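Undergrad: Below are the sequence and a predicted model for it; my questions follow.
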Amino acid sequence: MTALRLACGILLLLASCTDRSFTPTVPEALELGTPKTVFAATNRGALPNGNFGAQRSDGMSLLELTVSIPPEHKPGSLKFGYSDPDPATEFTMAGRRQFESEAAFSARLRRELSKLPADQRDVTVFVHGYNSTQAETAFRAAQLTHDIEIPGATVIYSWPSKGKALGYAYDGDSALYSRDGLEHLLRSLQHSGARRVIVVAHSMGGFLTMETLRQIEIKSPGWTARHLGGVILMSPDLDVDVFKSQMEKFAEVPQPFLIFSSRKDRVLTLSQRLRGLDNRGRLGNLSSIEEISDLPIEFIDTTAFADEAESKHFVAASSPALIALLNGARETNAAFARNPDVLQKLLPGQIVIRNNAIKVSLKDTVAAER
């Protein structure tokens, strides 16, 4: 009964009367806000109002979105107003452009990268999770890459999530439906002129990403390590046994391979209980790395930052203190180079090494000093 109450409570918390299906384009928002370009590849069906909804499409649409970041924005916060945004205080869609061909999309992305110094020409591919609309995904990707100061170009892979709290089963099927599209995107980005392509996936997007990389490895052994500059799974909604079976197909695991987790993630707790697995954690809320200790991964426990995060299901993107910590360690590449001495120096917390895996239990030094 307690589990049922918890599940119902969280579903009610996630549910909303707000219409999330429409987000207007407001070019005037850039008179107040800071522009952020977000490229998008989506297999969502197009809606008559110019948005992309929850229907699955056989084809891929390619877009350039301009997000206006409000002048009052604080790191870790993501506020938007759906059909009636306030550009002074909320993330706002300021521009939409759809490309007629993949060649046109690639050419525009290449031009964007050419503006940057050679050592910053990275492409970060953000794969969203459950219960997300396309506009919300663009806003989150803009917020995350802006706040953590991720260099290069940002590309979202927007798969057809229902965008509803009770759409979990539909979203799970849509994630499987979307594997081929994500594979095509990742392969095509190798011709963009990018120095590195890094995949960042959140929640159920971690399941989609791992399924996609698994099928790539079956077709082209070693491809992911040769062509990806890193994989980052944030709060992955993924069964541990499934994850291990996916990793078995990798001829070589791309590095760095990071997993950000939190034991206070209530959405993942709900995911466990919906499956009847009260005592078995998801990959994104594991308390121990024993089960995955044979894998060459870095496991970052962000539980210490969960209470002050705007979203306990996305602590790495919504905790101001953690964002400040990540920005303070500008030698991020070295920090995650599987060197415990470097990790200990740059990231406060406890380091545990088990076989091939490294776990960092981060400590919120700001909170500790209060």
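TA: Okay, I see it. Keep in mind it's a predicted model, so treat the numbers as computed, not measured.
Undergrad: Quick one, grab the pLDDT at the closest residue to residue 122 other than its chain neighbours.
TA: The shortest distance from residue 122 to any residue that is not its chain neighbour, by C-beta to C-beta, 6 or more residues apart in numbering, is 3.4 Å, and that residue is residue 152. For every residue, glycine as well, the C-beta is placed using N, CA and C. Listed pLDDT for residue 152 reads 94.
Undergrad: Would you mind confirming that residue 152 makes contact with residue 118?
TA: No. Counting by C-beta atoms under 8 Å, residue 152 stays clear of residue 118, with 11.1 Å between them.
Undergrad: Mind checking which of the two has more residues around it?
TA: Comparing residue 152 with residue 118 by neighbour count (other C-beta atoms under 10 Å), the higher total belongs to residue 152, at 20 against 8.
Undergrad: roughly how far apart are that one and residue 202?
TA: Using C-beta to C-beta, to the nearest Å, residue 152 is found at 19 Å from residue 202.
Undergrad: In the sheet, which residues pair with residue 125? Tell me.
TA: The partner list for residue 125 in beta bridges (DSSP bridges) reads residue 155, residue 199.
Undergrad: tally of neighbours for it?
TA: Count around residue 125 with other C-beta under 10 Å applied: 24.
Undergrad: isn't it right next to residue 194, touching?
TA: No. Using C-beta under 8 Å, residue 125 makes no contact with residue 194, being 10.0 Å away.
Undergrad: now the lengthiest helix in the chain, how far from the centre of its chain.
TA: Counting residues, the longest helix found in the chain (DSSP state H) is helix 204-219. Computed by C-alpha atoms, centre = their mean, to the nearest Å, the chain-centroid distance of helix 204-219 equals 14 Å.
Undergrad: Which positions in the helix or strand just after it come out as buried?
TA: Using DSSP states H and E, the helix or strand that follows helix 204-219 in sequence is helix 223-227. By neighbour count with 16 or more other C-beta atoms under 10 Å, helix 223-227 contains the buried residues 223-225, 227.
Undergrad: For the helix or strand following helix 223-227, which strands pair with it and how are they oriented?
TA: For helix 223-227, the following helix or strand on the C-terminal side (DSSP H and E) is strand 230-234. Sheet pairing of strand 230-234 (DSSP bridges) gives strand 196-202 (parallel), strand 257-261 (parallel).
Undergrad: How about residue 292: what's its closest non-neighbour residue?
TA: Nearest to residue 292 is residue 357, by C-beta to C-beta, 6+ apart, at 5.8 Å.
Undergrad: I figured the one you found hits residue 294, correct?
TA: Yes. Applying C-beta under 8 Å as the test, residue 357 and residue 294 come out as touching, 7.4 Å apart.
Undergrad: So which of the two has more stuff around it?
TA: residue 357 (21 against 14).
Undergrad: Bridged to the more buried one, which residues?
TA: Under the criterion used (DSSP bridges), residue 357 bridges to residue 354.
Undergrad: Closest to residue 160 out of the buried residues of helix 223-227?
TA: Closest approach to residue 160 among the buried residues of helix 223-227 (C-beta to C-beta): residue 224, at 24.3 Å.
Undergrad: Following the chain past the lowest-mean-pLDDT helix or strand in the chain, name the next helix or strand.
TA: Here the helix or strand of the chain ranked lowest by mean pLDDT, DSSP states H and E is helix 2-14, holding a mean of 46. Where DSSP H and E defines the elements, the next helix or strand beyond helix 2-14 is strand 34-46.
Undergrad: Starting from the helix or strand immediately after that following strand in the chain, tell me which strands it pairs with and how they run.
TA: As assigned by DSSP H and E, the chain's next helix or strand after strand 34-46 is strand 52-69. Strands adjacent to strand 52-69 in the sheet, as given by DSSP bridges, are strand 34-46 (antiparallel), strand 92-98 (antiparallel).
Undergrad: so can I have a markdown table of those showing mean pLDDT?
TA: Shown next, in a markdown table, are the strands paired with strand 52-69 (pLDDT from 0 to 100):
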| stretch | mean pLDDT |
| --- | --- |
| strand 34-46 | 97 |
| strand 92-98 | 97 |
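Undergrad: closest one to residue 211 among those strands?
TA: Comparing the strands paired with strand 52-69 by C-beta to C-beta, strand 34-46 comes nearest, at 14.5 Å.
Undergrad: So which of the buried residues of helix 223-227 is the closest to residue 185?
TA: Proximity of the buried residues of helix 223-227 to residue 185 (C-beta to C-beta) peaks at residue 227, which lies at 12.3 Å.
Undergrad: The residue nearest to that closest one when sequence neighbours are not counted: neighbour count?
TA: Among residues not flanking residue 227 along the chain, residue 190 sits closest, at 5.5 Å (C-beta to C-beta, 6+ apart). By other C-beta under 10 Å, 14 other residues sit near residue 190.
Undergrad: quick one: the residue nearest to residue 122 from residue 183, how far?
TA: From residue 152 to residue 183 the distance is 21 Å (C-beta to C-beta).
Undergrad: Over to residue 26?
TA: On the measure of C-beta to C-beta, residue 26 and residue 183 end up 34 Å apart.
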